[in-house]
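Peer 1: what shape does this take:
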Amino acid sequence: MSEDDSGGGGGPLPPDVSYDEKKLLLHKLDSLSLLLYTFLLTLTVVTIWLFKHRRVAFIHETGLAIIYGLVIGAIIRFGVHDDYQVSRIAVKPVNQETMNKQLEKSGPPDQLYLRSKGEVEIEEYHNKTWVYEFKGEVRDAKESEIDEKTTFDPEIFFNILLPPIIFHAGYAMKKKYFFRNIGSIFTFAFIGTAISTFTVGGFMYGVTRMVPTLNNVTFIDNLHFGALISATDPVTVIAIFTDLNVDVNLHALIFGESVLNDAVAIVFVEALKDYEENVATCIITAQENCEYNIWHFVKAILDFFGIFGASFLVGSLMGCITSLLTKFTHIRAHPLLESTLFVLMSYSTFLLAEVFELTGIVAVLFCGICQAHYTFNNLSRESKESTKHFFDLLNFMAENFIFSYIGVSMFTFPKHHFDVVYIAGAFVAIFLGRFLNIYPLSAVLNIGRTVRIPGNLQHMMMFSGLRGAIAFALAIRNTISESRQMILSTTLLIVIVTVIVNGGSTMAVLNWLGVPTGVLEDQAESDPIVNSPLHGGYQSVEEGGAAGAENGSLGSNHPQIQRPEKSWLALQWAGVDNKLFKPLLTHSNPTLMDTLPNRCLPIARIFTSREQLMKHPMMQDKEGTSSGELDSAAFTAVPDTVPLGQGDNLKGVQGHI
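Peer 2: Below you'll find the model as predicted:
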């Protein structure tokens, strides 16, 4: 230790006092970091209000959050010089052979023990042992403590910030037009994302082969970049679409593609990671045929579908369990407990999938869809409102926090690696990947679509390929190697440019392309996908939120909606849903006793709630008949002189008749 650490001429501080002072200082810096991001969010909210008040529409809140983050990040980097610098000392392992075995077996150790022996001059520190946890490679980065505190653990994004964003996407989804366009959405989300991934990865691999300084970037690294950068996040465009009531088919296609392709991109990245681990394990164990071959490729594809399918099942199952709990426990009598159960079950879906080494983002997305489709119908009125507003709030704060952090980290992240050639090639690659995604697939889909995707909507879909939170979170998760650091820096630039430039010019592009605006959903959209009497007592999230707004909202001066025919998949699913899942998981009628065969009647009765029986048409007819008989009897039995206290009953009967 240096003489400066002694605290002056009075000798060193006692260990307990020194420890408390260090913890107090770190707590102060943590509070300062959180205050910084709270201030950024507050500034963003106030500016959004000002823009809405003044009807300024050239920039969205996500663009504002990035710009403010860039400003604050530059101030921290170049204008703030805190007195406390991170203290570092170089250490060597006691046994180098043990260190080599550890690195060969599983990489850097998770913890380091720093032991002070009797040679330490300060007696209070004799024979002390301190433990330090692994944080990653630093490459001799020079940073102050405030720089380090404004850089968060990547797991915070995946475990805390992304789940509410993805859940909200499923929970607030307008399912009517989503399911009407389900075939096109799945085509763009799965096939389109695959085309974009391999186009970007292959193009960037060619770029790295032509530039000698980029030869360290492998094909898997480029494919990893292609997968994460294919995750579109057109939050700015979607917000403008909602405000302007843009063509609902365009809204459904862009929103549906972005929601699903986020999940597809994440599973692609996970499959590539498993692919790398399998090849590395093969090499370590000295097995034969460890080169990249067709079997590894097929296994990666199987892993992709296996992870995606299992995550889908986990999310759907948890949503169904929540529906059954809210249907049969009568917890709706206590709205606070009901809302708490709803939130906990939804978040535990993400954690459960992660525990089973699946993709929590996919699981929580489909959990949100199931919660909106089934559980929402079972909730009390207070819980319907509170859960909807709660997840709206979480989504807004988490999304803007991430975009603020993107701006700040542009200056404070210590391991940036900018390469002009790679960045320029990346912009060309994502344009090419988006082009080969949208236009060829649209041409193929138009062959079978009754409502075609016209050229102006295709151009708008091409323009709406903004990158955002998912791409950034995937890039920042692993920045150990120089190639991954370069991928993160390139991703940051792409996110910033697309959100600010594309998001800011959305209004102008809409007008230039002549995309219809002011299109309001008609009254028929509150009907189910398949017209049937099964809709009684059933209400989804968008119907509950817009029940009052739909009445009389469609004027003659608004463009008419072109509704695509219900797809075969949607028709088949609606039949099963109306006959099995809605009667099982909600209070809708008819019940399972009506839809299932007679031999299943005992089981059907178990899963039929009292509310379903009370709302059953036969029960209502019986009550109506009984009421009619009672009314007739009352008229024949009422004497000329009515006894005291029966006048009100008579008035009620007369009013009813």
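Peer 1: so what's the residue count around Val71?
Peer 2: 15 (other Cβ atoms under 10 Å). The C-beta positions use only the backbone N, C-alpha and C, and glycine is treated the same way.
Peer 1: so what's it closest to, chain neighbours aside?
Peer 2: Leaving aside its chain neighbours, Val71 sits nearest to Gly407 (7.6 Å; criterion: Cβ to Cβ, 6 or more residues apart in numbering).
Peer 1: these two touch, right, the one you found and Gly63?
Peer 2: No: look at Gly407 against Gly63 with Cβ atoms under 8 Å: they stay out of range, at 9.9 Å.
Peer 1: any idea of the mean pLDDT in stretch 182-201?
Peer 2: Averaging pLDDT along stretch 182-201 yields 92.
Peer 1: for it, measure first residue to last.
Peer 2: 27 Å (Cα to Cα, to the nearest Å).
Peer 1: buried sites along it?
Peer 2: For stretch 182-201, the neighbour count (16 or more other Cβ atoms under 10 Å) marks 182-190, 192-201 as buried.
Peer 1: and stretch 334-342, by the same measure?
Peer 2: Those would be 335, 338-339, 341-342, for stretch 334-342 by 16+ other Cβ under 10 Å.
Peer 1: show me which of these is closest to Leu325.
Peer 2: Minimum distance to Leu325 across the buried residues of stretch 334-342 is 6.7 Å, recorded for Leu341 (Cβ to Cβ).
Peer 1: which residues are in contact with the closest one?
Peer 2: By Cβ atoms under 8 Å, 6 or more residues apart in numbering, the contact list for Leu341 reads 322, 325-326, 331.
Peer 1: any chance of the buried residues of stretch 334-342 in JSON lines, plus secondary structure?
Peer 2: Formatted as JSON lines, the buried residues of stretch 334-342 follow (DSSP: H, G, I helix; E, B strand; the rest coil):
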{"residue": "Pro335", "secondary structure": "helix"}
{"residue": "Glu338", "secondary structure": "helix"}
{"residue": "Ser339", "secondary structure": "helix"}
{"residue": "Leu341", "secondary structure": "helix"}
{"residue": "Phe342", "secondary structure": "helix"}
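Peer 1: any chance of those in JSON lines, plus pLDDT and distance to Cys367?
Peer 2: As requested, the buried residues of stretch 334-342 are exported to JSON lines (pLDDT from 0 to 100; distance: Cβ to Cβ, whole Å):
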{"residue": "Pro335", "pLDDT": "93", "distance to Cys367": "21"}
{"residue": "Glu338", "pLDDT": "94", "distance to Cys367": "17"}
{"residue": "Ser339", "pLDDT": "95", "distance to Cys367": "16"}
{"residue": "Leu341", "pLDDT": "95", "distance to Cys367": "14"}
{"residue": "Phe342", "pLDDT": "96", "distance to Cys367": "11"}
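Peer 1: mind listing the strands for the stretch 51-200 of the chain?
Peer 2: 111-116, 128-133 (DSSP state E, counting those that start in this stretch).
Peer 1: so which of these gets nearest Tyr177?
Peer 2: Nearest of these to Tyr177, taken as Cβ to Cβ: strand 128-133 at 48.6 Å.
Peer 1: how far does the closest one sit from its chain's centre?
Peer 2: Strand 128-133 has its C-alpha centroid displaced from the chain centroid by 38 Å (Cα atoms, centre = their mean, to the nearest Å).
Peer 1: now that strand against strand 111-116, angle please.
Peer 2: 160 degrees (axes from the mean of the first three to the mean of the last three Cα atoms, to 10 degrees).
Peer 1: mind listing the strands strand 128-133 pairs with, and their directions?
Peer 2: Its sheet considered, strand 128-133 pairs with strand 111-116 (antiparallel) by DSSP bridges.
Peer 1: and the partner strand, average pLDDT?
Peer 2: For strand 111-116, mean pLDDT is 79.
Peer 1: quick check: end-to-end length of stretch 188-199?
Peer 2: Distance across stretch 188-199, first residue to last, is 15 Å (Cα to Cα).
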